[in-house]
Structures are given as structure tokens and as C-alpha cells.
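# just a sequence and a predicted model for now, questions to come.
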Amino acid sequence: MKRVTVLAAAVMLASAAQAELKNVSANGLNSNMEGFVSCTIVDEGTRLLAGGVLLYAFAEARGSGDPLIRVWSLNRDLSITSDNWQNGMDYHAGGQTLHVSLRELDSEQGNPYRLLRNPYGTADAAVVFPAKLNEAICAESRDKSSGALLPVSVSITDMNAIAFKSSPSMAKTAPAIAATVEQILNALPR
């Protein structure tokens with residue numbers, strides 16, 4: 001019952017949000033039985049690339065944890081899971097599962113996270129999510145094995161906003177970032 005109440009509150013907060021998404025980050029506790037959830041809505045003011053918005057979602061242990069991540073849309077049948085950012089991710093939609101490797105998303109360097117940063121630890125989890133405008137997105141982290149509550153950080157970053165709403169110091173690299181974001185969005189199943 002407690003989990004349903006927390007999820008309902010997260011959905012209500014996400015549906016009422018009016019802030020511009022660039023990065024949402026939250027710290028909490030998770031275990032293999034209790035997940036930690038963070039939600040947001042994709043800003044309608046962001047600039048579209050390949051008809052979508054590229055989100056990076058990270059679940060990073062703060063201590064000895066080994067998190068996994070599940071990111072899903074509240075508006076359509078799409079969820080993406082990962083238990084280790086270096087091993088790619090699984091896309092779940094329409095009763096089907098498709099594994100996507102990092103090399104498939106970034107054929108040039110094999111690491112799409114290079115546009116922002118790598119997750120802090122080698123065992124941390126991350127996914128690349130193809131979002132739509134005004135879409136409500138939630139990210140949940142669970143620890144793979146520990147029953148103890150362990151600290152975790154969950155973040156969701158709008159890479160379109162990074163490419164187009166960046167500081168003047170990033171203006172020179174913004175076109176290259178935008179081109180790579182567009183390539184990744186084109187490679188993703190939607």
C-alpha cells in the first residue's frame with residue numbers, strides 16, 4: 001500500500017509540474033524490495049531533434065550499492081531497463097523486448113553518455129530514453145541484491161536542452177552535440 005501511495009504522489013507531482021526540464025536529480029534509499037522513484041514531464045519548450053527528445057537517466061550508488069534502473073512513460077507503452085550502463089539496455093514495448101548496445105546508439109565511439117558524462121561507477125545503471133513533448137517519465141532504481149536500504153541518486157537529463165540551451169562556453173560544441181543526439185534518436189526504437 002505504501003508503494004502505491006508513493007507512486008500516486010509522484011504521478012500527481014509530475015502531472016502538475018510546470019518547470020523547464022534540463023536536469024532532474026533526486027537522492028533516496030533503495031533495496032531489492034523497495035525502489036526509489038523520480039518523475040518529470042518533458043518540457044514543451046525544448047527543441048525537437050528527429051521528432052523527439054533524448055533523455056539520459058542514471059541510477060548511481062552512493063556507497064556500496066549496485067543499482068539497476070527502469071525508466072517508463074506514463075503516456076505510452078514503453079519502458080527501458082538496464083542493470084549496468086556499459087552493457088546497453090533493454091527496450092520493452094508492445095509485449096516485445098529488444099536489447100540495444102551502446103555501439104548501436106553511438107557507432108563513432110560506442111558510448112552515447114560521452115555527450116554528458118559517464119555514470120560515476122562501473123556498476124551503476126543508465127538508459128537512453130526517446131521521449132516526446134509533454135510526456136510524463138518516471139525512473140525507478142532498485143538495488144540488485146541487497147535487502148538493506150542503500151543510498152542512490154537518480155537523475156534525468158534532457159540532452160536536447162543541453163545541446164540548444166547551453167551556456168555560451170558550450171556554443172561551439174552545441175552543433176556537434178545536436179548532430180549526435182539526432183543520430184542516437186534515429187537509432188532508437190520508438
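Alright, I've got the coordinates. Residues are numbered from 1 along each chain as shown.
# count the residues that sit near the nearest residue to residue 136 once chain neighbours are set aside.
Of all residues not flanking residue 136 in the chain, residue 74 sits nearest, at 3.9 Å (C-beta to C-beta, 6 or more residues apart in numbering). (C-beta placed from N, C-alpha, C; glycine too.) By other C-beta atoms under 10 Å, the residues close to residue 74 number 14.
# isn't residue 74 up against residue 138?
Yes. At 6.5 Å, residue 74 counts as touching residue 138 under the criterion of C-beta atoms under 8 Å.
# do you know the pLDDT at residue 83?
pLDDT recorded at residue 83 is 94.
# so it touches residue 68, yeah?
Yes. Counting by C-beta under 8 Å, residue 83 touches residue 68, with 4.1 Å between them.
# find residues that contact each of the two.
In terms of C-beta atoms under 8 Å, 6 or more residues apart in numbering, residue 83 and residue 68 are both contacted by the residues 125, 144.
# for the residue most central in space within the chain, give the beta-bridge partners.
In the chain, the centroid-proximal residue (C-alpha atoms, centre = their mean) is residue 57; its distance is 2.1 Å. Counting by DSSP bridges, residue 57 forms beta bridges with residue 127, residue 156.
# contacting residues for it?
69, 71, 126-127, 129, 137, 139, 154-157.
# could you dump those to CSV with neighbour count and pLDDT?
Listed next are the contacts of residue 57 as CSV, based on neighbours: other C-beta atoms under 10 Å; pLDDT from 0 to 100:
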residue, neighbour count, pLDDT
69, 27, 97
71, 28, 97
126, 24, 94
127, 24, 94
129, 25, 93
137, 25, 95
139, 27, 97
154, 27, 95
155, 19, 94
156, 25, 94
157, 20, 90
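# select, from the residues you listed, the two members most distant in space.
Taking C-beta to C-beta as the measure, the contacts of residue 57 span a maximum distance of 14.3 Å, between 126 and 137.
# grab the nearest non-local neighbour of residue 54.
residue 159 (4.2 Å).
# gap between that neighbour and residue 58?
For residue 159, the distance to residue 58 equals 12 Å [C-beta to C-beta, to the nearest Å].
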